[in-house]
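Chemist: coordinates only, sequence not included:
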């Protein structure tokens, strides 16, 4: 009789697999990564891996979902509290704790790009991409809308159209990052210009 495994142990093993998979996708990219790579990195058997994830696509979706859900939930929690500056909160969501443009790209950005572009003709992946895009819009539009309601931001442009501009900007950077060197990309300089554009669009003093 095999020993009983606790739910906590199973959850921890799943977490370990996901964390190991992130590093594999960063190293190899989405297309070149195999489930064997993940098995080796996570130090699990084939059966141990497939107990949690039936294929590479499902595993990658979990990585994407968990990251976006965490940030969206954190944002909604912050919006439910007293917000001193919606502008600072918007910068936090765009650039992280530093709240300032830099030359650091999300290490999974190129893999994300591969995932969506190679699956553009697959109905399931396309629908998933549309769902993820809508969550990305919510992330920014809810902050902007709250700032507009509290009269910190101008209502000249809708929160949705500004949020779409932000998402398109970062998606475009991800595409350029996949093919250009850091020097040619000039990510920090472009991001500084985005901040100036947003100040103008939202009438931030």
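Modeler: Perfect, I can see it now. Not measured: the values here are computed from a predicted model.

Chemist: For residue 176, see how far away the residue nearest the centre of the chain is.
Modeler: In the chain, the centroid-proximal residue (CA atoms, centre = their mean) is residue 68; its distance is 5.2 Å. As judged by CB to CB, to the nearest Å, residue 68 and residue 176 stand 22 Å apart. Quick note: C-beta positions are derived from backbone N, CA and C, even for glycine.

Chemist: do the same with residue 169
Modeler: 11 Å.

Chemist: List the buried residues for the helix-or-strand element of the chain with minimal mean pLDDT?
Modeler: Least confident helix or strand, the chain: helix 182-185 with a mean of 86, by mean pLDDT, DSSP states H and E. For helix 182-185, burial by neighbour count (16 or more other CB atoms under 10 Å) applies to residue 185.

Chemist: Against which helices or strands is the helix or strand where residue 70 lies packed?
Modeler: Using DSSP states H and E, residue 70 maps to helix 56-79. Helix 56-79 sits against helix 7-32, helix 35-42, helix 86-95, helix 109-118, helix 123-149, with contacts defined as 3 or more CB pairs under 8 Å, 6 or more residues apart in numbering; DSSP states H and E.

Chemist: Let me know which of those helices is the nearest to residue 182.
Modeler: helix 109-118 (12.6 Å; CB to CB).

Chemist: residues contacting the residue nearest to residue 95 when sequence neighbours are not counted?
Modeler: With CB to CB, 6 or more residues apart in numbering as the criterion, residue 95 has its nearest non-adjacent residue at 6.1 Å, and that residue is residue 101. Taking CB atoms under 8 Å, 6 or more residues apart in numbering, we find residue 101 in contact with 95, 187, 188, 191, 192, 194, 195.

Chemist: what about the third one, neighbour count?
Modeler: Read that as residue 188. Residues lying near residue 188 (other CB atoms under 10 Å) number 14.
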